[in-house]
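>>> here is my input; please provide its structure:
(one chain, ligands or ions: 1)
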Amino acid sequence: MGCALSSPGIRSDAAISEEKRRSSLEDGLELPEEAECLGDEEMPELFPLSEAQKELIQESWKVLHKDIARVGIVVFIRLFETHPECKDAFFLFRDIDDLQQLKMNKELQAHGLRVMSFIEKSVARLDEEGKLEYLAFELGRSHCRYKAPPKYYEYIGAQFIQAVQPILKEEWTPEVEKAWESLFKYLAATMRRGFYKEEKMMEASQSLSSRKAGAESTPNKV
Ligand code: HEM
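The predicted structure follows:
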């Protein structure tokens with residue numbers, strides 16, 4: 001991924017290989033076949049943003065992106081305040097209870113940046129709906145491997161809106177808010193589809209391995 005902001009030294013192996021895989025897919029302009037067969041779990045979401053809403057997001061991002069390191073931390077600290085159960089998904093810092101101490105935690109800071117870099121990428125893909133859908137779908141698949149369940153994704157939009165409102169001051173309008181809310185809803189719903197797709201694939205491969213193991217342990221009757 002072209003995320004200059006992420007900190008590779010502290011990423012999980014799963015996250016690194018996911019990122020490399022997606023980056024190489026994106027570098028070639030063609031999407032893989034998989035991108036065309038998205039949606040065999042549930043129907044894909046209709047892309048919700050009007051042209052005017054895309055513009056509102058792009059314009060506000062020009063201001064917000066300067067602050068993404070801080071916003072990323074604030075979003076997750078607020079998430080843990082309002083939904084402490086979300087912290088359990090992060091094995092690197094789930095045992096830190098003091099939120100002030102957590103703010104200074106390098107892993108939390110790096111994760112906040114990863115999330116915000118994904119938002120940056122999404123903003124840059126608002127006119128390429130197929131690509132954006134593919135990215136969010138694959139992100140959902142990787143979150144299944146991180147064991148971060150879909151009900152939590154929807155919380156991020158509200159926390160983001162709370163965190164960025166004061167930065168935009170009077171430029172924050174109900175229309176800007178609605179546009180961001182719609183984008184986060186769309187990302188969460190598409191990630192959710194990816195999560196369930198991956199979950200199904202993992203279950204299928206586990207049941208295949210256990211059937212194979214069962215067959216191998218059955219003595220040959222011939
Ligand atoms: C809109 C919502 C979210 C976005 C855009 C997002 C984005 C990301 C990104 C870009 C990564 C880096 C690795 C990768 O690309 O696969 C990541 C990793 C991860 N995310 Fe999320 N995430 C979201 C919500 C959540 C929530 C709500 C949780 C947990 C409650 C969560 C848990 C994790 C974990 C455990 C990792 C792996 C560890 C790490 O990279 O620090 N994510 N997420």
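
>>> where do the strands sit along the protein?
Counting by DSSP state E, the chain forms no strands at all.

>>> can you map out the helices along it?
All helices of the chain, identified by DSSP state H, fall at 13-27, 33-36, 51-64, 68-82, 99-103, 106-124, 129-145, 153-168, 174-217.

>>> which neighbouring elements make contact with the longest one?
In other words, helix 174-217. Contact analysis of helix 174-217 by 3 or more CB pairs under 8 Å, 6 or more residues apart in numbering; DSSP states H and E lists helix 51-64, helix 129-145, helix 153-168 as its packing neighbours. C-beta coordinates here come from the backbone N, C-alpha and C atoms, glycine included.

>>> so which of the helices of the chain comes closest to Ala89?
Among those, the nearest to Ala89 by CB to CB is helix 129-145 (8.5 Å).

>>> spit out the contact partners of the residue most central in space within the chain.
By CA atoms, centre = their mean, the chain has its centre lying nearest to Leu139, at 5.0 Å. Counting by CB atoms under 8 Å, 6 or more residues apart in numbering, Leu139 touches Phe118, Met191, Gly194.

>>> what subset of those residues is also close to the ligand?
With CB under 6 Å from any ligand atom as the criterion, those include Phe118 near the ligand.

>>> closest one to Glu171 out of the contacts of Leu139, please.
Phe118 (23.2 Å).

>>> okay, now the unreliable bits of the protein?
Scanning the chain for pLDDT under 70 picks out the ranges 1-42, 218-222.

>>> Lys54 reaches Glu129, doesn't it?
No: taking contacts as CB atoms under 8 Å, Lys54 lies outside contact range of Glu129: 10.3 Å.

>>> okay, now the closest residue in space to Gln53 that isn't next to it in sequence: neighbour count?
The shortest distance from Gln53 to any non-neighbouring residue, by CB to CB, 6 or more residues apart in numbering, is to Ala179 (3.8 Å). Ala179: 22 surrounding residues under other CB atoms under 10 Å.

>>> how about Ala179, what does it touch?
Taking CB under 8 Å, 6+ apart as the test, what Ala179 contacts is Leu49, Gln53, Lys54, Leu56, Ile57.

>>> using TSV, please lay out those residues together with neighbour count.
Below are those laid out as TSV (neighbours: other CB atoms under 10 Å):
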residue	neighbour count
Leu49	18
Gln53	19
Lys54	16
Leu56	20
Ile57	19
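
>>> kindly reformat those residues as CSV containing distance to Arg70.
Shown next, in CSV, are these (distance: CB to CB, whole Å):
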residue, distance to Arg70
Leu49, 26
Gln53, 25
Lys54, 25
Leu56, 22
Ile57, 19
